[in-house]
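Asker: compute the structure for the input listed below.
(3 chains)
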Amino acid sequence: MERRPSRGEIVLNQSPAGKCQVSDCCEPQQQYLGLTSGGRHNATHTAATVSGCVHPLVPLLLYSDRHLPPAPPYSQPIGAAPARQADDHSSGTHTFHHGNGVHRATVKKPLNAFMLYMKETRHQVLQEGRERESAAVNRILGRRWHALPRSEQCKYYDLAQKERLLHMQLYPGWSARDNYGKRKRKRSQEPTGSSPRSR
DNA sequence: CACCCTTTGAAGGAG
DNA sequence: CTCCTTCAAAGGGTG
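Answerer: Modelled structure (predicted):
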């Protein structure tokens, strides 16, 4: 990719493709500046501040494509969240099995721009009926993402940023690292000299 | 049943 | 600072 601004700092309109000054997307974005990633401290911005700028395209942080979950997934502290039903998919939390059989709810990562785009458009690819496997569908979506007009991409970058900000405010101490190792990857050992995947 | 595959982007640790 | 690794979604395929 090109280059990230400075880590830990949320920069508005930071679309990797370049400037993304989508003024019709969200108006007064200066209020987000000054938030540092991780948000471990001073989550002084209320969620209401962000939700006042909710884009209609995607329900922020709820991650439900079509249906809102019966209860807000993030209404409880992470550690205190009761073991939810097994199908926590498409909500913000997910249960993982620990060695001793204990289920723990985990706060998932906020979706990035491409993930939001995927959730919106993958059904279109499926309806075309040529591909069924997600891997193949995602490959198509990746190409379409690159072909997407910059202004369209910016919509998703803005959305993803709002998701991140809201996520930070809801879970000030949360780190993406919290979920590391929750699913075991096999490819930890790799032949020397080549990256695990061509990325 | 759990992981793989495949994509892009975000995040954080390592060097 | 750059580089690398992991996870986020999705669902058919695989062991």
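Asker: pLDDT below threshold where in chain A?
Answerer: Filtered on pLDDT under 70, chain A yields the residue ranges A:1-105, A:184-199.
Asker: which residue ranges make up the domains of it?
Answerer: A:8-61+A:111-179, A:70-109 (automatic domain parsing).
Asker: buried ones in the longest helix seen in chain A?
Answerer: When chain A is parsed with DSSP state H, its longest helix is helix A:150-170. Residues of helix A:150-170 classed as buried by neighbour count (16 or more other C-beta atoms under 10 Å): A:153-170. Yep, even glycine has a C-beta here, placed from its N, CA and C like the rest.
Asker: which of the three states applies to the nearest residue to residue A:131 once chain neighbours are set aside?
Answerer: Excluding its sequence neighbours, the residue lying closest to residue A:131 (C-beta to C-beta, 6 or more residues apart in numbering) is residue A:137, at 5.0 Å. The three-state assignment at residue A:137 reads helix, by DSSP: H, G, I helix; E, B strand; the rest coil.
Asker: so residue A:137 makes contact with residue A:124?
Answerer: No. Assessed by C-beta atoms under 8 Å, residue A:137 is found out of contact with residue A:124, at 9.8 Å.
Asker: which one of these two is surrounded by more residues?
Answerer: residue A:137 (20 against 12; other C-beta atoms under 10 Å).
Asker: how about that one, what does it touch?
Answerer: Contact analysis of residue A:137 by C-beta atoms under 8 Å, 6 or more residues apart in numbering lists A:122, A:125, A:126, A:131.
Asker: buried only: go through those residues for me.
Answerer: Among those, those classed as buried by neighbour count (16+ other C-beta under 10 Å) are A:122, A:125, A:131.
Asker: closest one to DNA strand C out of those residues, please.
Answerer: residue A:122 (6.0 Å; C-beta to the nearest atom of the strand).
Asker: now do the contacts for that closest one.
Answerer: A:134, A:137, A:138, A:141.
Asker: and the helix or strand containing it, which residues are buried?
Answerer: Assigned by DSSP states H and E, residue A:122 belongs to helix A:113-128. Residues of helix A:113-128 classed as buried: A:113, A:114, A:116, A:117, A:118, A:119, A:120, A:121, A:122, A:125 (neighbour count, 16+ other C-beta under 10 Å).
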